[in-house]
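Asks: can't give you the sequence, but here's the structure:
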């Protein structure tokens, strides 16, 4: 099957979706005998539920996952058992605390008012276009750093930050670690060539950014000898993990920055692309926005909670374009999936969430259409879907703890931009959407948009 994969590399997600649709949602990919590339690919909701929830203990992250994502070290998404439970017990309460939500609203509002809106105003006045994907990556990175590190890198106004470039190189190399045999990328790493060379440099760039911030705050706390659990995530987690190594703290915060910022930026990009291509959806969102008596320039959380159709449209966007398009697992012990497929400790299981969101057997004949109405319940609220059918934020015990943070950021940014600007695509038209070579579902060629200020 390898030649067919190579021929369809530029449209790999859609190619896999087509194959799964013809095979009932599950098929065994066979690679060359010497490459150890065989893997079971499934987007059957019953299988997803079994792997991520019902038989969760049999499908840990495992050593292979840690090797692929080594730059995250002992971060939450990279570990199992006691270390994973420690992260959940310490980080989840902090992110659910009222102070976290208040500071997030303040940070998003400030970056919008002092960063994003001036950039869009300038673009509208000059009549020039901007790459909205790049803008979303920089503002999401800035907000995540403010939220988790009490540090504003101000990359939105100063240009590219080394961390962002390092992140782009890292997610590209990580994608290929999923595909290539382990011996192949290990050989590249040993000789310091190709993507592995960039991944090694990215790891250093992460260190160069995070360690000075950790050292500065740790020194401050050691001088004061006071616990300040309510002063932000940085201080709270340093205090909570006293006794842990600086490396552990580095891994913790690198994971939070990447998962809190980059995935949100990717989600925003696809959302605005879909709005640009579906003006009737944008018109309905704008109608709801104009019904609100909005005194502030930036929409705040309380106002965004009233925008049900905006929430539904974002849910629909995530269904079609999940920022993390796949998950992979390997069982500890032999198991039989609900589809009847037998898996062993040597079986690599790939769950393409991108494909699951586009299965006709799961979402109906209109599965490829952008229809926010499918998320509106008869009483006018948001219709809930089981996580194994809609695993955008994963499912089971490892469900993403940053879901509320993502929705807050997206709705505040989207409502404010839609309220103040019209936007038009100025990019070339492609018959189908193209993706970058990345573990994240990023749009190739960016998202070129021209803004016009609303009267």
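Replies: Arrived safely, thanks for sending. This one's a predicted model, so the numbers in the text were calculated from it and none came from an experiment.

Asks: For the residue sitting nearest the centre point of the chain, list the residues it contacts.
Replies: The centre of the chain sits closest to residue 263, judged by Cα atoms, centre = their mean, with a distance of 2.3 Å. Residue 263 makes contacts with 323, 324, 406, 440, as judged by Cβ atoms under 8 Å, 6 or more residues apart in numbering. Every residue, glycine included, has its C-beta placed from N, CA and C.

Asks: out of the residues you listed, which one sits closest to residue 269?
Replies: Closest to residue 269 out of the contacts of residue 263 is residue 323 (9.2 Å), distances taken as Cβ to Cβ.

Asks: isn't there a strand covering the closest one?
Replies: No: under DSSP: H, G, I helix; E, B strand; the rest coil, residue 323 falls outside any strand and is assigned coil.

Asks: name the element the residue lying closest to residue 307 once chain neighbours are set aside belongs to?
Replies: Spatial nearest neighbour of residue 307, excluding adjacent residues (Cβ to Cβ, 6 or more residues apart in numbering): residue 288 at 5.3 Å. Here residue 288 is covered by helix 279-291, with elements defined by DSSP states H and E.

Asks: That helix - contacts with which helices or strands?
Replies: Helix 279-291 sits against helix 263-277, helix 308-320, helix 403-420, with contacts defined as 3 or more Cβ pairs under 8 Å, 6 or more residues apart in numbering; DSSP states H and E.

Asks: I'd like to know which elements the helix or strand following the longest one is packed against.
Replies: Using DSSP H and E, the next helix or strand after helix 403-420 towards the C-terminus is strand 421-425. Applying 3+ Cβ pairs under 8 Å, 6+ apart, one finds that strand 421-425 makes contact with helix 263-277, strand 448-453.

Asks: For residue 426, give its distance to residue 107.
Replies: Separation of residue 426 from residue 107 (Cβ to Cβ, to the nearest Å) stands at 30 Å.

Asks: For these two, indicate the residue with more neighbours.
Replies: More crowded of residue 426 and residue 107, by other Cβ atoms under 10 Å: residue 107, with 19 against 12.

Asks: Identify the residues contacting the nearest residue to the more buried one once chain neighbours are set aside.
Replies: Using Cβ to Cβ, 6+ apart and skipping residues adjacent in sequence, the residue nearest residue 107 is residue 146, 4.4 Å away. Residues near residue 146 by Cβ under 8 Å, 6+ apart: 107, 111, 152.

Asks: Residue 162 now?
Replies: Residue 162 sits next to 205, 208, 209 when contact means Cβ under 8 Å, 6+ apart.

Asks: just to revisit the earlier point, for the helices and strands packed on helix 279-291, which one sits closest to residue 433?
Replies: Set against residue 433 and scored by Cβ to Cβ, the helices and strands packed on helix 279-291 come closest in helix 263-277, at 7.9 Å.

Asks: got the angle between the closest one and strand 421-425?
Replies: Comparing the axes of helix 263-277 and strand 421-425 via axes from the mean of the first three to the mean of the last three Cα atoms, to 10 degrees yields an angle of 80 degrees.

Asks: For residue 363, grab the count of nearby residues.
Replies: By the criterion of other Cβ under 10 Å, residue 363 has 20 neighbours.

Asks: I should have written residue 157 there, sorry.
Replies: Using other Cβ under 10 Å, residue 157 has 12 neighbouring residues.

Asks: what's the spacing between it and residue 414?
Replies: Counting by Cβ to Cβ - residue 157 and residue 414 are separated by 21 Å.

Asks: What of residue 316?
Replies: Using Cβ to Cβ, residue 316 is found at 13 Å from residue 414.

Asks: Okay, buried residues for the strand or helix carrying residue 197 please.
Replies: Here residue 197 is covered by helix 194-224, with elements defined by DSSP H and E. By neighbour count on 16 or more other Cβ atoms under 10 Å, the buried set for helix 194-224 is 195-196, 198-203, 205-206, 209-210, 213-214, 217-218, 221.

Asks: what's it packed up against?
Replies: When contacts are defined as 3+ Cβ pairs under 8 Å, 6+ apart, helix 194-224 packs onto helix 162-179, helix 182-191, helix 233-240, helix 246-257.

Asks: quick one, phi/psi of the residue lying closest to residue 252 once chain neighbours are set aside?
Replies: Excluding the flanking residues, the one nearest residue 252 by Cβ to Cβ, 6+ apart is residue 75, at 5.8 Å. Phi and psi for residue 75, reported as degrees, to the nearest 10, are phi -70, psi 160.

Asks: And the strands in the stretch 1-150 of the chain?
Replies: Assigned by DSSP state E, counting those that start in this stretch, the strands in the stretch 1-150 of the chain fall at 26-29, 39-42, 129-131.
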